[in-house]
Every structure is written in structure tokens, then in C-alpha cells.
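Participant: Build me a model from this:
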Amino acid sequence: MPALHVPAGSTSAEFVRTPSGVLLPADIDPFHRRLHRIAPSGLIGQTTQTTGMKRLEAISGKTVGAQNLWMGQTHVPASTNSGNHHHGASETAIYIVSGTPAFVFVDLEGDEPVETRIQTGPGDYIFVPPYIPHREENPDPEVEAIVVIARTTQDAIVVNLDALDWAEVRTDAEGASL
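Facilitator: Below is the predicted model:
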């Protein structure tokens, strides 16, 4: 095993020795010293849900001790729309695994607000900025849509909304409830 160089002036309190004898910085806890594998059977459904879809959590604070990331799957059955929602202060990246889901939001950049649909297919990516009210739709009458989601928070922040507009959106701590 190669030796670890301990900088001059370092105190022993700044480092810990693992059971295998490796010297590590003291602020790296045991949970964050290894890779974690989550098999499909290990996904958990105890997340905030939105009607019309099912979220399954894979990478999070609960599952692997993530501090700044949440990742999982969303399933939208055939011929189903989700409820309107946003994801608080979290940025969301979506990768389309299967199906042809559409993502609907209100475009505010023109003279009038316009409900806009982005039609997707397998291999496409979608970026959802913080607080953007949106919904997922699966227009296919036979095929479930499955997407992989990554968020910049280790919790699945979901704020369900009555309408697809900004009237209920709050950017304070209460508006980012789980």
C-alpha cells in the first residue's frame, strides 16, 4: 500500500486511520469512502408524489448519504398526465429512457403567456430550471414513459400546484416544501 504524505504542520486530529490502515482526512465519514450500487430492486417509492406518475428514488441522502444530489426514475402510465408541479430551488435534468412523454410549461417570453409542449423520445434530455411550473404527459395509449431524473438537491423536492402558472409559486423556504 502506498504511503500517504501528511503535510508538515498537520495535526493528527485532521486525519483518521481506517481499519485497513489508510490515513484519510478526518472530515470524510465512512459512508463517503466507497462507491454505492443501487439495483433496480433497491429503488424506493417513499418520495413526494404527483398524481399521474410514480417517482422512485435511487441516489439521495436517504439511500447513499448524498449531500447535493438526488437521482431516480419517474414512470408515467400510457394515456396519463401528471399533476402540475415544480421542484423548488432544485435544477432538474431528465433523460428519456422509453416512451414519448411531453413536458408542458407556460412560456412567458412573448406578448402573452403561451402553454408550450416539448415532445420527447428515448435519448432526449430536458432541463427544468428551479421553480418552473410544469407537468408531464404521456400521450401514447399503450407504452409507459420512463425517465431518469437528477436534481441538485439530495431530496426529491416536489411542490404540487393547482394550475400550470406562477400564482402558487413561492421562492421562500415555505415554497420549497417537500
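Participant: Note down every partner strand of the lowest-mean-pLDDT helix or strand in the chain and its orientation.
Facilitator: None of the helices or strands of the chain scores lower by mean pLDDT, DSSP states H and E than strand 23-25, at a mean of 81. Partners of strand 23-25 in the sheet, by DSSP bridges, are strand 15-17 (antiparallel).
Participant: that older thread, ok now the next helix or strand after the least confident helix or strand of the chain, how far from the chain's centre?
Facilitator: Remark: after strand 23-25, the chain's next helix or strand is strand 54-59, criterion DSSP states H and E. Distance of strand 54-59 from the chain centroid (CA atoms, centre = their mean, to the nearest Å) equals 8 Å.
Participant: May I see the buried residues of strand 54-59?
Facilitator: 55-59 (16 or more other CB atoms under 10 Å). (Each C-beta comes from the backbone N, C-alpha and C, glycine too.)
Participant: Nearest to Gly42, out of those: which one, please.
Facilitator: Ala58 (7.5 Å; CB to CB).
Participant: quick one: Ala102 and Glu137 touch, right?
Facilitator: Yes. Here Ala102 reaches Glu137: they are 4.5 Å apart, a contact under CB atoms under 8 Å.
Participant: Now the common contact residues for these two.
Facilitator: Arg117 (CB atoms under 8 Å, 6 or more residues apart in numbering).
Participant: For stretch 57-73, give the mean pLDDT please.
Facilitator: For stretch 57-73, mean pLDDT is 87.
Participant: let's number from 4 now, not from 1
Facilitator: Got it, the first residue is 4 from now on, which makes the last one we talked about stretch 60-76.
Participant: State the helix or strand in which Val100 lies.
Facilitator: Going by DSSP H and E, Val100 is part of strand 95-101.
Participant: How about exporting that strand as PDB, limited to the C-alpha atoms?
Facilitator: Extracted in PDB, the C-alpha atoms of strand 95-101 (Å, rounded to 0.1, in the frame of the first residue of the first chain):
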ATOM      1  CA  THR A  95     -33.700  19.100 -12.700                       C
ATOM      2  CA  ALA A  96     -32.200  17.100 -15.500                       C
ATOM      3  CA  ILE A  97     -34.400  14.500 -17.200                       C
ATOM      4  CA  TYR A  98     -33.200  11.700 -19.600                       C
ATOM      5  CA  ILE A  99     -35.900   9.900 -21.600                       C
ATOM      6  CA  VAL A 100     -35.400   6.100 -21.300                       C
ATOM      7  CA  SER A 101     -38.600   4.900 -23.000                       C
END
